[in-house]
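K.L.:
Only the shape, not the letters, is given here:
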């Protein structure tokens, strides 16, 4: 479905693939100088990394069906995925040196959180957070109910300022039912980048810089997979000016 390399994106860190695998189909990926996070968006598969095997993982019918199984693949390792049913697989990548070992990331290991209130409520599943072993990648799933906003108040993470980290980011979208769409705006303070996008099921949006809020229309629950990476593996953001009244005091 998608094959994004840093060169194609015109940036330095984030790579991303989405593949539809038929039952019995095999996929091989050599991590080279990158680390990988394999996320089973749906289906069941067995994954082999080096001398480790993770058999029969997955089981979601869709990304709306509970947290996923994922596999961390270090640099210079080979990953083999054997689909045991029809699978939708995301392959997230970013530069790495191979400091950590392969591991299975189970649904019960993922920290889940609720962000926002009212029509700004959304639900976050931390697949590979800054608190878990990794060199560059940050990977999260976000579920936004229909009629709600997400990545809101608008925030950015595109500079190495004191209270901000520089992170490239992608959004991979799924919808709870056919025919859905959402709106995403990507813009900078000086408006040198200012795009408003109508996104549909399985669309991919690149966020090289700027603020990037999302709105989900009523009746269509929205899912997106976020993949981020940059020179510092930490999610630290700056809110857009004028939205301070929406942020509760800490």
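P.N.:
Right, received. Where do you want to start? The structure displayed is predicted, hence computed values, not measured ones. Numbers count the residues shown, from 1 in each chain.
K.L.:
list the contacts for the residue nearest the centre of the chain?
P.N.:
In the chain, the residue lying closest to the centroid (Cα atoms, centre = their mean) is residue 226, at 2.2 Å. For residue 226, the contact set (Cβ atoms under 8 Å, 6 or more residues apart in numbering) comprises 138, 139, 140, 141, 142, 169, 170, 171. Any C-beta I mention is one placed from the backbone N, CA and C, and that applies to glycine too.
K.L.:
Mind checking what secondary structure it has?
P.N.:
strand (DSSP: H, G, I helix; E, B strand; the rest coil).
K.L.:
cool, residue 113 as well?
P.N.:
Classified using three-state DSSP, residue 113 is strand.
K.L.:
Now do it: how many residues are near it, please.
P.N.:
Residue 113 is flanked by 10 other residues according to other Cβ atoms under 10 Å.
K.L.:
Residue 121 is in contact with that one, correct?
P.N.:
No. Residue 113 is beyond contact range of residue 121, at 11.2 Å (criterion: Cβ atoms under 8 Å).
K.L.:
related to what we said a few turns ago, what's the spacing between the residue nearest to the centre of the chain and residue 191?
P.N.:
From residue 226 across to residue 191, the span is 24 Å (Cβ to Cβ, to the nearest Å).
K.L.:
try residue 49
P.N.:
Residue 49 is 45 Å from residue 191, where distance means Cβ to Cβ.
K.L.:
neighbour count winner among those two?
P.N.:
For residue 49 and residue 191, the more surrounded residue by other Cβ under 10 Å is residue 49, and the numbers stand at 24 against 8.
K.L.:
Contact partners for residue 102?
P.N.:
If you count contacts by Cβ under 8 Å, 6+ apart, then residue 102 has 49, 50, 52, 71, 72, 73, 74, 77 around it.
K.L.:
mind running it again at 6 Å?
P.N.:
49, 50, 52, 73 (Cβ atoms under 6 Å, 6 or more residues apart in numbering).
K.L.:
Let me see the backbone angles for the residue nearest to residue 177 when sequence neighbours are not counted.
P.N.:
In space, residue 177 comes closest to residue 220 once its chain neighbours are excluded; the distance is 6.3 Å by Cβ to Cβ, 6 or more residues apart in numbering. Main-chain dihedrals, residue 220, degrees, to the nearest 10: phi -130, psi 100.
K.L.:
quick one: contacts for residue 220?
P.N.:
Residue 220 makes contact with 146, 175, 180, according to Cβ under 6 Å, 6+ apart.
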